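A.B. asks: Sequence first, predicted model second:
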Amino acid sequence: MGTARPDMQEDTSVTIEYADNGDIRLAYESFGSADDPVILLVMGLGTQMLAWDEAFCALLVDGGYRVVRMDNRDIGLSTHLDAAGLPDMTPMQSGGLLTDAKYLLSDMAQDAVAVVDTLGVDAVHVVGGSMGGMIAQEFALNHPDRTRSLTSIFSTPAPRIGSPTREAMAALMLPPARSEDEAADRAVAMYRVVGSPGYPLDEQSLRERSRQAYRRGDDPAGTARQLAAIHASGDRTERLAALTVPTLVLHGQDDPLVRLSGGEATAAAVPGATLVTYPGMGHDLPRELWPAVTAEILALADSTR
């Protein structure tokens with residue numbers, strides 16, 4: 001059974017709400033009017049809802065939508081599956097099939113459905129970044145009736161497609177932080193490698209967000225369980241061929257963590273999908289691109305009205 005870890009500190013500056021998927025409790029926050037259609041934002045590996053910046057969310061709200069961001073299981077204020085322990089990642093290191101995942105991406109997609117159920121809406125526009133894009137793909141595949149549109153950002157249909165450069169993988173595997181300051185330093189070091197080379201790194205905001213995330217619930221073991229879920233969930237390419245949900249794929253042309261071929265493969269797999277790529281963009285969302293990115297998301301959502 002999952003637990004709320006005792007070191008987790010709720011952010012009292014925002015109103016956190018919760019949804020339950022069996023023993024899993026999901027923390028989420030919403031912006032905008034409850035009368036507007038919902039855009040659900042799902043973030044990636046080891047990354048809390050904070051990565052969907054409030055100003056980014058506000059651009060979507062200004063477009064006429066209620067925006068909901070959530071913490072996945074094993075991250076932030078959502079349930080951490082401490083009792084599950086660490087997965088055995090040895091087979092992955094030797095190119096074998098990973099079988100010790102504690103859950104799959106489809107289970108994480110079901111968490112997102114629990115949030116939608118709690119919101120009391122029939123269907124949402126689901127937007128996912130990185131691992132969140134994989135979860136969003138599973139959401140649309142398993143629950144097309146709950147999906148108004150799908151936007152997959154710097155993601156892939158399979159971990160073997162668009163696999164990271166050696167330098168990006170090394171940055172992802174930096175030693176865990178032991179304090180807020182170390183968490184900030186670690187984030188800056190990582191995004192200097194995987195971030196957007198064509199745009200300045202907003203180091204101050206990144207440090208502030210990393211410190212806040214550390215206070216809310218830093219959990220390297222939880223990140224390992226999420227990574228195992230990615231590798232144990234297999235290749236979605238053939239399944240995506242049957243998807244009829246309006247789909248948008250956004251990807252940075254200079255992404256070293258999920259390389260451009262991951263986005264290209266996602267768009268090629270989904271009939272009628274639109275692919276938009278950005279020169280100079282890596283594995284993050286530079287503030288300078290927020291107007292362009294949110295305009296694409298809103299245009300897709302508006303097209304379904």
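C.D. replies: That came through, no problem.

A.B. asks: residues of stretch 181-188 that come out buried?
C.D. replies: Glu182, Ala183, Ala184, Arg186, Ala187, Val188 (16 or more other C-beta atoms under 10 Å). For glycine as for every other residue, the C-beta is placed from the backbone atoms N, C-alpha and C.

A.B. asks: can you check stretch 269-283 too?
C.D. replies: Buried-residue list, stretch 269-283, by 16+ other C-beta under 10 Å: Ala269, Val270, Ala273, Leu275, Thr277, Tyr278, Met281, Gly282, His283.

A.B. asks: Same check on stretch 99-119?
C.D. replies: 101-105, 107-116, 118-119.

A.B. asks: show me what contacts the most centrally placed residue in the chain?
C.D. replies: With distances taken as C-alpha atoms, centre = their mean, Met43 lies nearest the centre of the chain, 2.0 Å away. Counting by C-beta atoms under 8 Å, 6 or more residues apart in numbering, Met43 touches Met49, Ala51, Trp52, Arg69, Asn72, Gly128, Gly129, Ser130, Met131, Gly132.

A.B. asks: same deal with His283?
C.D. replies: Here His283 is in contact with Ser130, Phe154, Ala168, Val194, Gly195, Ser196, Gly252, Asp255, Pro256, Leu257, Val258 (C-beta under 8 Å, 6+ apart).

A.B. asks: can you tell me which of these lies nearest to Ala295?
C.D. replies: Distances from Ala295 to those, taken as C-beta to C-beta, are shortest for Gly252 (16.5 Å).

A.B. asks: Report how many residues lie close to that closest one.
C.D. replies: Applying other C-beta atoms under 10 Å, we find 30 residues neighbouring Gly252.

A.B. asks: isn't it right up against Gly195?
C.D. replies: No - with contact defined as C-beta atoms under 8 Å, Gly252 does not reach Gly195; the gap is 9.4 Å.

A.B. asks: anything in contact with each of those two?
C.D. replies: Counting by C-beta under 8 Å, 6+ apart, the common neighbours of Gly252 and Gly195 are Gly282, His283.

A.B. asks: picking up where we left off before, next step: the buried residues of stretch 99-119 restricted to helices.
C.D. replies: 105, 107-116, 118-119 (DSSP state H).

A.B. asks: what's the closest of these to Glu203?
C.D. replies: Each of those was scored against Glu203 by C-beta to C-beta, and Met108 proved nearest at 30.2 Å.

A.B. asks: quick one: the closest residue to that closest one other than its chain neighbours and Pro291, what's the gap?
C.D. replies: Of all residues not flanking Met108 in the chain, Ile135 sits nearest, at 4.9 Å (C-beta to C-beta, 6 or more residues apart in numbering). Applying C-beta to C-beta, to the nearest Å, the value for Ile135 to Pro291 is 25 Å.

A.B. asks: Between the two, point out the one with more neighbours.
C.D. replies: Of the pair Ile135 and Pro291, Ile135 is the one with more neighbours under other C-beta under 10 Å, namely 31 against 11.
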